[in-house]
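Enquirer: predicted model and sequence below, questions to follow.
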Amino acid sequence: SAVISQKPSRDICQRGTSLTIQCQVDSQVTMMFWYRQQPGQSLTLIATANQGSEATYESGFVIDKFPISRPNLTFSTLTVSNMSPEDSSIYLCSVSGVLETQYFGPGTRLLVL
Amino acid sequence: SQELEQSPQSLIVQEGKNLTINCTSSKTLYGLYWYKQKYGEGLIFLMMLQKGGEEKSHEKITAKLDEKKQQSSLHITASQPSHAGIYLCGALHGSSNTGKLIFGQGTTLQVKP
């Protein structure tokens, strides 16, 4: 199985600032995704991180708010821009592995004050 | 209505009892994933089902996908306190693996010693 790490594991930020979350995988993967889990809620897909090209965003999510980079097949970043308290969530990256398995990172817990 | 519905929303069982969690999709499934999440942490991959009628087991947890590929059940035999957590089903809809999972609302399981 793929081993996924995320940095930071948690952060407390002031409104109006931005935070960049890193996702590192221990092997090359084709597909990487970013999800959000708001307090008490299930997971919602933010975007697909495409290697070498712009990310593909789901309805309700835009690049200006959640810019994503994926410079290679093992690494991606998600930035949460101009944060507000409503952005307080757990942000998780996931990757598709062999035999169509899908693994998730440990998540980044974000609190915006 | 939700594309993917889980039931029950929460469950409290006595240690040693069996239990079942259901996941129903409004669309035909390409694949159905089961995860376990400890509060505030990342998702642990349990298993993935793809073929109608398929059944998989991992230790004391068994998951099935019905023939019509629109419903899955997760069954835990002889539950233990270590089984406590949030169980999430994630669906791949359509005819190919886009990797984009739609999640149910989750089932919170408590196991009383």
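Expert: The structure has been received and is ready for your questions.

Enquirer: my read: residue B:29 touches residue B:65, true?
Expert: Yes - applying CB atoms under 8 Å, one finds residue B:29 in contact with residue B:65, separated by 7.2 Å. Placement of C-beta: from N, CA and C, glycine included.

Enquirer: centre-most residue in chain A?
Expert: residue A:34 (3.6 Å; CA atoms, centre = their mean).

Enquirer: how much space between it and chain B?
Expert: 11 Å (CB to the nearest CB, to the nearest Å).

Enquirer: which pLDDT does the model give that residue?
Expert: pLDDT, residue A:34: 98.

Enquirer: kindly report the residues of chain A close to chain B.
Expert: A:1, A:31, A:33, A:41-45, A:48, A:58, A:90, A:92, A:94, A:96, A:99-107, A:109 (CB under 8 Å from any CB of the partner chain).

Enquirer: before we move on, back to that, intersection of neighbour lists for residue B:29 and residue B:65?
Expert: residue B:72 (CB atoms under 8 Å, 6 or more residues apart in numbering or on different chains).

Enquirer: circling back to that earlier point, now intersect the residues of chain A next to chain B with the strands, please.
Expert: Secondary structure assignment by DSSP state E places A:33, A:43-45, A:48, A:90, A:92, A:94, A:96, A:102-104, A:109 of the residues of chain A next to chain B in strands.

Enquirer: just give me the closest of the residues you listed to residue B:92.
Expert: Of all those, residue B:92 sits closest to residue A:102, with 8.7 Å by CB to CB.

Enquirer: OK, contacts around that closest one?
Expert: Residue A:102 makes contact with A:94, A:95, A:96, B:33, B:45, B:48, B:90, B:99, B:101, according to CB under 8 Å, 6+ apart.

Enquirer: please tell me how far residue A:86 sits from chain B.
Expert: Distance from residue A:86 to chain B, by CB to the nearest CB: 18 Å.

Enquirer: would you say that residue is within a helix?
Expert: Yes - assessed with DSSP: H, G, I helix; E, B strand; the rest coil, residue A:86 lies in a helix.

Enquirer: give the bridge partners for the closest residue to it other than its chain neighbours, please.
Expert: Nearest non-adjacent residue to residue A:86, counting by CB to CB, 6 or more residues apart in numbering or on different chains: residue A:112, 7.8 Å away. For residue A:112, the beta-bridge partners under DSSP bridges are residue A:13.

Enquirer: neighbours of residue A:112, how many?
Expert: When neighbours are counted by other CB atoms under 10 Å in any protein chain shown, residue A:112 registers 19.

Enquirer: for residue A:99, same thing?
Expert: By other CB under 10 Å, 7 other residues sit near residue A:99.

Enquirer: spit out the contact partners of it.
Expert: residue B:48.

Enquirer: which of the residues of chain A next to chain B count as buried?
Expert: A:31, A:33, A:42-45, A:48, A:90, A:92, A:94, A:96, A:102-107, A:109 (16 or more other CB atoms under 10 Å in any protein chain shown).

Enquirer: ok but residue B:82 is inside a helix, no?
Expert: Yes - the assignment for residue B:82 (three-state DSSP) places it in a helix.

Enquirer: what about it, how many residues nearby?
Expert: With other CB under 10 Å as criterion, residue B:82 counts 9.

Enquirer: isn't the residue nearest to the centre of chain A up against residue A:78?
Expert: Yes - using CB under 8 Å, residue A:34 makes contact with residue A:78 at a distance of 4.8 Å.
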